[in-house]
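Novice: Next input, structure requested:
(chains A and B)
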There are 2 protein chains.
Amino acid sequence: MAKDKKLVEAITSMDEDFAQWYTDVVKKAELIDYSSVKGCMVIKPAGYAIWENIQKELDRRFKETGVENVYMPMFIPESMLQKEKDHVEGFAPEVAWVTHGGLNPLQERMCVRPTSETLFCDFYANDIQSYRDLPKCYNQWCSVVRWEKETRPFLRSREFLWQEGHTAHATAEEAEERTLQMMQVYADFCEEVLAIPVIRGKKTEKEKFAGAEETYTIEALMHDGKALQSGTSHNFGDGFAKAFGIQYTDKENKLQYVHQTSWGMSTRLIGALIMVHGDDSGLVLPPEIAPVQVMVIPIQQHKEGVLEHASHIKEDLKKAGLRVKMDDSEKSPGWKFSEQEMRGIPIRVELGPKDIEAGKCVLVRRDTREKIECTLEEAAAKGAELLEAIQKDMFERAKKHREAHITEARTYEEFQEAVINKPGFIRAMWCGDVECENKIKEETAATSRCMPLDDQKAISDVCVCCGKPAHKLVYWGKAY
Amino acid sequence: MAKDKKLVEAITSMDEDFAQWYTDVVKKAELIDYSSVKGCMVIKPAGYAIWENIQKELDRRFKETGVENVYMPMFIPESMLQKEKDHVEGFAPEVAWVTHGGLNPLQERMCVRPTSETLFCDFYANDIQSYRDLPKCYNQWCSVVRWEKETRPFLRSREFLWQEGHTAHATAEEAEERTLQMMQVYADFCEEVLAIPVIRGKKTEKEKFAGAEETYTIEALMHDGKALQSGTSHNFGDGFAKAFGIQYTDKENKLQYVHQTSWGMSTRLIGALIMVHGDDSGLVLPPEIAPVQVMVIPIQQHKEGVLEHASHIKEDLKKAGLRVKMDDSEKSPGWKFSEQEMRGIPIRVELGPKDIEAGKCVLVRRDTREKIECTLEEAAAKGAELLEAIQKDMFERAKKHREAHITEARTYEEFQEAVINKPGFIRAMWCGDVECENKIKEETAATSRCMPLDDQKAISDVCVCCGKPAHKLVYWGKAY
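Specialist: Take a look at the predicted model:
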């Protein structure tokens, strides 16, 4: 029994030390391992399987909107990176430089892509000639490198996996439409699949992407009250097109610049899953994204008939379309329960000799720990029904948590007090001056997360920081 | 009409200049574009869609054998690369070196992975403790970099996409079994899905992978008679385990070294598809791998009812599970035919006002250009039937071509004459001495492709090169 408890005892309680709890879960749920390559991580099978499900579902949603996948080189020659002024300023300080190929120094050094706007632009400049070639809606799945000083698994690492979409359009309106469309695809994905409610909004000038005219974002709230930027969609206008000379001839045979967008989501989402849904027993995965949805755990499996009945249930669940596994290893049932909980598998089915005698089994929800008894025949239908309920309840619970962690601040004192005592989003008016943003960041460590699209009603008419007239409602918060 | 022919005329005939034909097809079928990043390519939607299908099918086959996907860092610190002597000698001359992170020089330079044996070993050394942790059967999908001097799209580029499997086992027998199993998975995939017949064999000492005890390979024959190594599977024995200290405690609590394998397939396969099946009109894709299997092309589409009937057929084909598209663009039918042929789409459906009046349509096979008339109602069933026939016939045709390009050589004169006049595989005996291999390579440019597993009957008892006693039958050939 002491051994059974080891797995759970090995993780810190989230109330005691949230950062340590996060690190413990990431490690004990076997999502990643630290690597000898400083600042990089090894994504283990349990972590990568979540990423595969994210990829599959996002990719399907992209393709439904007409997006095609491509692959660009991973290197960017220095001169190419420098073509767009704001962009290079934003990224040059944090790229990894390749200076030698084989035994010889390169004529021009190249960085490992931190993002691929410049590569897509270089490509589009040749590939786009006429209005008939537009729009181009390309995406790639790849890894990118940003030379961060402080790293945390999934949240900030020197290399991470992501997708980056890059589109080119004939008109500014079409580009803006695509920018908003992809933000919405991201928001729907987070809410429907990851059960994570998000705030959709626009970034301030200060916080937008290097080189973008507008950056839209979806912001999620973690269990500890910190925000996590979970996906961004940028409208570049014709800035990159002018820097790279991406022109097309329109129907009147006149040369025009294209209008571009880009948008990305990354393995950060796995960090969000952990920090929104996890608890002191480990990970809690929403059924839609869980690589394994049901774990069948036989009890006293050496006794006659137990494994047979357990296998039978497993097959029933599989036939019903559920992702199911059976743990018939030599470990004790208690240990198996702990593992299933740590890995966040939404349901476990317990089944021992007494249950079988009574023609029953027990389904246990990971999220609420509720135990549901049903007949062996009902197990598959009950399982499917429970998965649906879990998905819905997890979203509602996360939403309720978020609503409970939104505070309004009308004065700077209220703002400061909220940052200290009420972790979460702070709704407050802003005059639009970057100096107020800077002051707030310096003095409170909260940053402007976004100007929400769905919530623009002024809560006062003066800036929470400087007291001057203000029309913009901003969500502020500490962020990962 | 002149314009209609442009697409086809734009490619060189394969008999005239095979290398130029290859380059033309790769470009005109819109598989890739050259990049401003020297030696790297842009994989365009038509090329990437083929890779996605390869991934999907291979990944499914891997998982059926118990393989799990993971992701390792893309960088290898120099000291880690150097741990296994043969391995570093094989790869160090062709890696790209990262020397700076952001504005600062790195303490230790790192290369971009040319392959990830060292990273997996470094990981396994910590991850594997007991026999209970074995076997580990991990795979990753990623890109790798090898600083080649001369590059060709798909066949040899500085960066390419691949999968690399890395396994660790308790015993030498189990490792050898896994090595052979994965070679077989590769062979089945090539033959069943890509319709490419392969020779399964073992590499000679000279040709095996840097650091391997044994390398197994599958070798395919291109249309021009050159060989293409299409997939390799390596048995490392415990060499890497000793270099990296990967040990486990066995059931008797004794420390043992693990035995390892690795195996990989890459975007090279797309090069093989082109060079095995292509013709002077462009690409010819086997139905199993074709992103689009049927293109419906309406003729005189402005006339009443044509587009409606064409859409109807498209829906019928889709319902029958076929991957189908309709080309209702403003181009002429002749131009559309050329495009469908250039892109290698297995079947096109032609449908004009007269056909509709007669209640018929015409299906045209890409591989044989055979035209098959059928009623509108029969189109879906006929299409499915044809796809099956095309897949089978393409394999048989490729096999026949290969058989017709295997020559036996008993003397060095016969060997030299075959290299010049009968491009293809040369079956010849070899004494086992690397000097003969070197001499043959220097004097004829043919290399030992493999010692075939299915064909070991001696054709003479002396080495084709030196005339000394020989027991090994080797397939030789010029190769990509």
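
Novice: and A:Val193, how far is that from A:Arg61?
Specialist: 9 Å (C-beta to C-beta, to the nearest Å). Every C-beta, even on glycine, is put in place using the N, C-alpha and C of the backbone.

Novice: swap that for A:Ser233, sorry
Specialist: Taking C-beta to C-beta as the measure, A:Ser233 falls 13 Å from A:Arg61.

Novice: Neighbour count for these two, which is higher?
Specialist: A:Ser233 (28 against 17; other C-beta atoms under 10 Å in any protein chain shown).

Novice: Nearest residue to that one in space, please, no chain neighbours.
Specialist: Nearest non-adjacent residue to A:Ser233, counting by C-beta to C-beta, 6 or more residues apart in numbering or on different chains: A:Trp263, 3.9 Å away.

Novice: Tell me the secondary structure at the one you found.
Specialist: strand (DSSP: H, G, I helix; E, B strand; the rest coil).

Novice: which ones are touching it?
Specialist: A:Glu164, A:Gly165, A:Thr179, A:Met182, A:Met183, A:Tyr186, A:Gly231, A:Thr232, A:Ser233, A:His234 (C-beta atoms under 8 Å, 6 or more residues apart in numbering or on different chains).

Novice: From the residues you listed, pick the one nearest B:Met110.
Specialist: A:Glu164 (23.4 Å; C-beta to C-beta).

Novice: Report how many residues lie close to that closest one.
Specialist: Count around A:Glu164 with other C-beta under 10 Å applied: 22.

Novice: Now stretch A:135-150: buried residues?
Specialist: A:135-148 (16 or more other C-beta atoms under 10 Å in any protein chain shown).

Novice: In terms of pLDDT, where does the residue nearest to A:Lys208 when sequence neighbours are not counted sit?
Specialist: Nearest non-adjacent residue to A:Lys208, counting by C-beta to C-beta, 6+ apart: A:Thr215, 3.8 Å away. Confidence at A:Thr215, expressed as pLDDT, is 98.

Novice: what do you get for the one 3 residues further on?
Specialist: Looking at A:Ile218, its pLDDT reads 98.

Novice: so it sits right up against A:Leu228, yeah?
Specialist: No. Counting by C-beta atoms under 8 Å, A:Ile218 does not reach A:Leu228; the two are 9.6 Å apart.

Novice: Next, the residue nearest to A:Lys208: secondary structure please.
Specialist: A:Thr215 - assigned by three-state DSSP - is strand.

Novice: if I pick it, what's in contact with it?
Specialist: So A:Thr215 contacts A:Lys202, A:Lys203, A:Glu207, A:Lys208, A:Phe209, A:Thr232, A:Ser233, A:His234, A:Asn235 (C-beta under 8 Å, 6+ apart).

Novice: make it 6 Å
Specialist: Applying C-beta atoms under 6 Å, 6 or more residues apart in numbering or on different chains to A:Thr215 gives the contacts A:Lys203, A:Lys208, A:Phe209, A:Thr232, A:His234.

Novice: which one of those has the most neighbours?
Specialist: A:His234 leads the contacts of A:Thr215 on contacts (other C-beta under 10 Å) with 29 neighbours.

Novice: Find the helix or strand that that one is a member of.
Specialist: A:His234 is part of strand A:227-237 when elements are defined by DSSP states H and E.

Novice: name the helices or strands packed onto that strand?
Specialist: helix A:172-192, strand A:214-221, strand A:259-266 (3 or more C-beta pairs under 6 Å, 6 or more residues apart in numbering or on different chains; DSSP states H and E).

Novice: tell me which parts of chain A are close to chain B?
Specialist: A:35-37, A:40, A:42-45, A:48, A:68-75, A:93-94, A:96-102, A:122-123, A:147, A:159 (C-beta under 6 Å from any C-beta of the partner chain).

Novice: quick revisit: and which of the contacts of A:Thr215 is nearest A:Glu388?
Specialist: Taking the contacts of A:Thr215 together and measuring to A:Glu388 by C-beta to C-beta, the closest member is A:Thr232, at 30.7 Å.

Novice: Please report the number of neighbouring residues for the closest residue to chain B within the stretch 351-480 of chain A.
Specialist: Ranking the residues of the stretch 351-480 of chain A by distance to chain B (C-beta to the nearest C-beta) places A:Tyr480 first, at 20.7 Å. Neighbouring residues of A:Tyr480 were enumerated by other C-beta under 10 Å; the total is 19.

Novice: so where's chain A shaky on pLDDT?
Specialist: Scanning chain A for pLDDT under 70 picks out A:1-9.

Novice: Where does A:Gln416 sit, in terms of helix or strand?
Specialist: helix A:412-421.

Novice: List the buried residues for that helix?
Specialist: Buried residues in helix A:412-421 (16+ other C-beta under 10 Å): A:Tyr412, A:Glu414, A:Phe415, A:Gln416, A:Ala418, A:Val419.

Novice: How about stretch A:235-255?
Specialist: A:Asn235, A:Phe236, A:Gly237, A:Asp238, A:Gly239, A:Phe240, A:Ala241, A:Ala243, A:Phe244, A:Ile246, A:Gln247, A:Tyr248.

Novice: so where do the helices sit in the stretch 251-400 of chain A?
Specialist: A:268-277, A:306-319, A:333-342, A:353-357, A:379-403 (DSSP state H, counting those that start in this stretch).

Novice: The stretch 1-150 of chain A now?
Specialist: Under the criterion DSSP H, counting those that start in this stretch, the stretch 1-150 of chain A carries helices at the ranges A:2-9, A:18-28, A:45-64, A:78-81, A:85-91, A:117-127.

Novice: Comparing these, which comes out most buried?
Specialist: Among the helices of the stretch 1-150 of chain A, ranked by average contacts under mean count of other C-beta atoms under 10 Å in any protein chain shown, first place goes to helix A:117-127 (a mean of 23).

Novice: what's in contact with it?
Specialist: Outside helix A:117-127, the residues touching it (C-beta under 6 Å, 6+ apart) are A:72, A:76, A:80-81, A:166, A:168, A:240, A:244-246, A:262, B:36, B:42.

Novice: Now A:Lys242: which helix or strand?
Specialist: Using DSSP H and E, A:Lys242 sits within helix A:239-244.

Novice: other SSEs contacting that helix?
Specialist: By 3+ C-beta pairs under 6 Å, 6+ apart, helix A:239-244 packs against helix A:117-127.

Novice: So what's the gap between the helix it packs on and the chain middle?
Specialist: Offset of helix A:117-127 from its chain centre (C-alpha atoms, centre = their mean, to the nearest Å): 27 Å.

Novice: pull the CA atoms of that helix into CSV?
Specialist: Output of helix A:117-127 as CSV, limited to C-alpha atoms (Å, rounded to 0.1, in the frame of the first residue of the first chain):
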residue,chain,number,x,y,z
GLU,A,117,7.3,34.7,-42.6
THR,A,118,10.5,35.6,-44.5
LEU,A,119,10.7,32.2,-46.1
PHE,A,120,7.1,32.2,-47.3
CYS,A,121,7.5,35.7,-48.6
ASP,A,122,10.6,34.8,-50.5
PHE,A,123,8.7,31.9,-52.0
TYR,A,124,5.5,33.9,-52.7
ALA,A,125,7.5,36.6,-54.5
ASN,A,126,8.2,34.1,-57.3
ASP,A,127,5.2,31.9,-57.0
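
Novice: Now do that helix and strand A:259-266, the angle between them.
Specialist: 140 degrees (axes from the mean of the first three to the mean of the last three C-alpha atoms, to 10 degrees).

Novice: center of chain A - which residue?
Specialist: A:Leu269 (2.0 Å; C-alpha atoms, centre = their mean).

Novice: Next, the contact list for it, please.
Specialist: A:Ile54.

Novice: same check, this time on A:Gly101
Specialist: Contacts of A:Gly101 by C-beta under 6 Å, 6+ apart are B:Ala96, B:Trp147.

Novice: The residue lying closest to A:Glu288 once chain neighbours are set aside and chain B, how far apart?
Specialist: In this structure, A:Glu288 finds its nearest non-sequential neighbour in A:Val193, 4.6 Å apart by C-beta to C-beta, 6+ apart. The gap separating A:Val193 from chain B is 20 Å, by C-beta to the nearest C-beta, to the nearest Å.

Novice: do the same with A:Ile218
Specialist: 24 Å.
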